[in-house]
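> Sequence first, predicted coordinates after that:
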Amino acid sequence: MDGQVASQSPASDAVAIALPQDRRLPVVVASPHSGRDYPPSFLAAAKLDPHTLRRSEDGFVDQIFGQVPERGAPLLRALFPRAFLDVNREAYELDPEMFDDALPGWVNTRSPRVVAGLGTIARIVAQGKDIYRGKLRFAEAVERVEHFYTPYHATLRRLVDETRAAFGHVVLIDAHSMPSQGASRTPGGRAVDVVLGDCYGSSCAAAVTEAAEQWLAGRGYAVTRNTPYAGGFTTRHYGRPRAGIHALQVELNRALYMDEATLSPTRGLARLTTDMTDFAAALGALEAEALTR
C-alpha cells in the first residue's frame, strides 16, 4: 500500500534497511556516513570527545532521505559512524603508521585517502585532529571490516542487483553532506548547495546527471558537478552504466539544514527532506531508453 514502509535489518547490527511495501522506483538510496552508534571500545580508545568525533558524520542525511521508501525505493543506512569505519573506501585502505604490527603487503597503504588521514579506518576527523590515543592492531581492522564493512556492501550489492533485475536498470544515490566552510562557489559568488559526483561521467549515464542538475536548479539550489567531490569508492565500484547501474554521489551543503557548531537541525531540514524525496522520485521516473550512453 502506498505510504507504508517495511523496516528490515540484516543479520548484523551494522546496517538498517527501510524497504517499501511495493518497489515502484528503480532507485536505491545509501547513506554510509550518517551512523551514530559509537562502540564503547572505540570511544575509550579515542582521545577526542564525542562531540568532536560527531563532526565527521554526515548528520541527518538518513533522515533527509528517510521518506524515499514511501515513494517505492529502499534506503540503506550504516549504523556505525564514519570516524569508526568508512565504507566509502576500499576494504583495506590503511595507514601503516596507525598500527603496532606490520600490515600485509596487499593492504593499500598509499592511496590519496590514506595519505590524507582518511582511509578505511581514519587517522583524523574532519578538522585534522588525531582520533586515537595509541596504535591499533591489524586484527582490529580485520574485525571492523568483517563485522561492519562487509555486511554494508553485501546488503548494498543485493539491493542494487534486485532493483536492476526488477526494472532493467537502477539509479544508486550515494547520499552525503559537506561542510559549508570552504564550499565552492558558483561564478556569481554563491555558495554551492549540492555537488553531484559521477566520476566525470563514468559512473552513470549523462542523462542521469543532467536530469539531477536540472531538477535541483529548478528548486532553487546552486549545483555543480564533480568539484570538489567527484565520487568515492561506492560511486566508482558500483557505477556500471552500460550494465544498467547508474551511481550518482550527492553532497548536500550542511548549512542548508543544520547548525554545524551544535550539530542540531534547523528549519531547513523539513524543506530539504521534501525536496530530496521528490528528487529521488524524479530520477526514478527517467525512462530506461534515456539512460543509454
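It's in.

> And the spatially closest residue to Arg36 that is not a sequence neighbour, how far from Leu53?
Excluding the flanking residues, the one nearest Arg36 by C-beta to C-beta, 6 or more residues apart in numbering is Pro81, at 6.3 Å. Heads up, the C-betas are built off the backbone N, CA and C, glycines and all. Distance, Pro81 to Leu53, by C-beta to C-beta, to the nearest Å: 7 Å.

> what residues are shared contacts of these two?
Common contact partners of Pro81 and Leu53 (C-beta atoms under 8 Å, 6 or more residues apart in numbering): Tyr38.

> Skipping its backbone neighbours, what lies nearest Glu97 in space?
Nearest non-adjacent residue to Glu97 (C-beta to C-beta, 6+ apart): Arg123, at 7.7 Å.

> Secondary structure of Leu252: a strand, I assume?
Yes: applying DSSP: H, G, I helix; E, B strand; the rest coil, one finds Leu252 inside a strand.

> which residues touch the residue nearest to Arg36?
Contacts were defined as C-beta under 8 Å, 6+ apart; by that measure Pro81 touches 33, 35-38, 53-54, 56-57.

> and which of those is nearest Ala73?
Of all the contacts of Pro81, His33 has the smallest distance to Ala73: 19.4 Å, by C-beta to C-beta.

> and stretch 264-281, how far from the chain's centre?
16 Å (C-alpha atoms, centre = their mean, to the nearest Å).

> list the buried ones in it?
265-266, 269, 272-273, 275-277, 279-281 (16 or more other C-beta atoms under 10 Å).

> Any chance of JSON lines for those, columns distance to Ala217?
Formatted as JSON lines, the buried residues of stretch 264-281 follow (distance: C-beta to C-beta, whole Å):
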{"residue": "Pro265", "distance to Ala217": "24"}
{"residue": "Thr266", "distance to Ala217": "22"}
{"residue": "Leu269", "distance to Ala217": "21"}
{"residue": "Leu272", "distance to Ala217": "15"}
{"residue": "Thr273", "distance to Ala217": "19"}
{"residue": "Asp275", "distance to Ala217": "12"}
{"residue": "Met276", "distance to Ala217": "15"}
{"residue": "Thr277", "distance to Ala217": "18"}
{"residue": "Phe279", "distance to Ala217": "12"}
{"residue": "Ala280", "distance to Ala217": "17"}
{"residue": "Ala281", "distance to Ala217": "17"}
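
> Filter these down to just the ones in strands.
In strands, defined here by DSSP state E, the members of the buried residues of stretch 264-281 are Pro265.

> Where does pLDDT dip in the stretch 151-293 of the chain?
Within the stretch 151-293 of the chain, the stretches with pLDDT under 70 are 292-293.

> where exactly do the strands run in the chain?
With DSSP E as the criterion, the chain has strands at 5-8, 15-20, 27-31, 75-78, 170-178, 194-197, 223-225, 245-253, 258-259, 264-265.

> residues contacting Ala73?
Ala73 makes contacts with 20, 23-29, 163, 280, 284, as judged by C-beta under 8 Å, 6+ apart.

> ok, these vs Leu196, which is closest?
Using C-beta to C-beta, these come closest to Leu196 at Ala280, 13.5 Å.

> I'd like to know how far the closest one sits from Arg158.
Applying C-beta to C-beta, the value for Ala280 to Arg158 is 19 Å.

> Just flag the most distant two among the contacts of Ala73.
The span of the contacts of Ala73, defined through C-beta to C-beta, is set by Arg24 and Val29 at 13.9 Å.

> Comparing these two, which residue is more hemmed in?
Legend: neighbour count by other C-beta atoms under 10 Å for Arg24 and Val29, higher for Val29 (29 against 15).

> Identify, out of the strands of the chain, the most deeply packed stretch.
Most buried of those, by mean neighbour count (mean count of other C-beta atoms under 10 Å): strand 27-31, with a mean of 28.

> Only the C-alpha atoms, please, for that strand, written as PDB.
Provided in PDB are the C-alpha atoms of strand 27-31 (Å, rounded to 0.1, in the frame of the first residue of the first chain):
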ATOM      1  CA  VAL A  27      16.200   3.600  -7.200                       C
ATOM      2  CA  VAL A  28      18.400   2.700  -4.200                       C
ATOM      3  CA  VAL A  29      19.500   5.300  -1.700                       C
ATOM      4  CA  ALA A  30      22.500   4.700   0.500                       C
ATOM      5  CA  SER A  31      23.600   6.800   3.500                       C
END
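
> Now find how far off-centre it is within its chain.
With C-alpha atoms, centre = their mean, you get 9 Å for strand 27-31.
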